[in-house]
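Colleague: sequence-free structure coming up:
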């Protein structure tokens, strides 16, 4: 004969204290099962994210290896390789940032440093990358606490040290107008002529650009491989009326004047 399932205890026959204890134990058991189920689901979701992240990196590594070690028919020239490597490395950075963001959302945001900030685990923050040239100008930003009054009531806290961190910054290119003023002087009694400083010599007499601007255009074109039409687009975004044909004329005139220097160097 099959046994009858056990019937739940009749809590009404128990004392109020005992019934309350049994009810609390039942709720605690339910909460424990719910927490276990949530933890299992979170672990499964995290494992799926890690698997997808690894698959994405493996795909990028295969593309990198094919670009570098592929058959002769698949191999690229050096410039094309650099472009492919840039795209692959950019995709890897995107995947790492996405993975880190999910880790932070899931509460796995790494260790805390002494000041309460999060320690970043990134190759971009390695010690080697922080060895910056000494000739670069340095702009210090001091961040003081909002309140330095000691909680114990003894007065103001004393400085015992500091934390320094370095990042590489840039001041964007800023076009400006260089206006030359040549005052004229004359005898107040009209007994002499007028005197005025001579205008300085320019590479392009009566032209719009300074020598510094011409040098910047030349470096951008021949060293940075930035065509004149792209540089013209940069000027256009700033509302500066400099066209590709104007820059081409400047470069041609500069080449003429620079030819004797190049010949002398040769």
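Modeller: Received the coordinates, thanks. These numbers were taken from a predicted model, which means no experiment stands behind them. Numbers count the residues shown, from 1 in each chain.
Colleague: only C-alpha atoms from now on, for both contacts and neighbour counts.
Modeller: Noted.
Colleague: after the helix or strand of the chain with the lowest mean pLDDT, next one along is what?
Modeller: One helix or strand of the chain scores below all others by mean pLDDT, DSSP states H and E: helix 78-105, with a mean of 72. Next helix or strand after helix 78-105 toward the C-terminus (DSSP states H and E): strand 184-186.
Colleague: quick one: that following strand to chain centroid distance?
Modeller: When C-alpha coordinates are averaged (Cα atoms, centre = their mean, to the nearest Å), strand 184-186 and its chain have centres 54 Å apart.
Colleague: next helix or strand past it?
Modeller: strand 194-196.
Colleague: packing partners of the least confident helix or strand of the chain?
Modeller: Under the contact definition 3 or more Cα pairs under 8 Å, 6 or more residues apart in numbering; DSSP states H and E, helix 78-105 sits against helix 16-69.
Colleague: which strands and helices sit next to the helix it packs on?
Modeller: Right, helix 16-69 is packed against helix 78-105 by 3+ Cα pairs under 8 Å, 6+ apart.
Colleague: returning to what we had before: how far off helix 16-69 does the least confident helix or strand of the chain point, in degrees?
Modeller: Computed by axes from the mean of the first three to the mean of the last three Cα atoms, to 10 degrees, the angle separating helix 78-105 from helix 16-69 equals 180 degrees.
Colleague: run the chain-centre distance for helix 78-105.
Modeller: On Cα atoms, centre = their mean, the centre of helix 78-105 falls 13 Å from that of its chain.
Colleague: quick one: average pLDDT of stretch 176-196?
Modeller: Mean pLDDT, stretch 176-196: 89.
Colleague: pull the residues that contact that stretch.
Modeller: Residues from elsewhere that reach stretch 176-196 (Cα atoms under 8 Å, 6 or more residues apart in numbering): 197, 198, 199.
Colleague: could you tell me the end-to-end distance of that stretch?
Modeller: The first and final residues of stretch 176-196 sit 25 Å from each other (Cα to Cα, to the nearest Å).
Colleague: try stretch 230-247
Modeller: Stretch 230-247 end-to-end distance (Cα to Cα) = 11 Å.
Colleague: that one: how far from the chain's middle?
Modeller: Stretch 230-247 sits 27 Å away from the centroid of its parent chain (Cα atoms, centre = their mean).
Colleague: that one: which residues count as buried?
Modeller: 231, 232, 235, 242, 244, 247 (16 or more other Cα atoms under 10 Å).
Colleague: I'd like the contacts of stretch 176-196 laid out as TSV, including neighbour count and distance to residue 171.
Modeller: Output for the contacts of stretch 176-196, formatted as TSV (neighbours: other Cα atoms under 10 Å; distance: Cα to Cα, whole Å):
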residue	neighbour count	distance to residue 171
197	10	34
198	7	34
199	9	31
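Colleague: tabulate those residues (CSV), appending distance to residue 161.
Modeller: Listed next are these as CSV, based on distance: Cα to Cα, whole Å:
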residue, distance to residue 161
197, 56
198, 57
199, 55
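Colleague: and the residues you listed, which is closest to residue 209?
Modeller: Closest approach to residue 209 among those (Cα to Cα): residue 199, at 15.3 Å.
Colleague: show me what contacts that closest one?
Modeller: Here residue 199 is in contact with residue 182 (Cα under 8 Å, 6+ apart).
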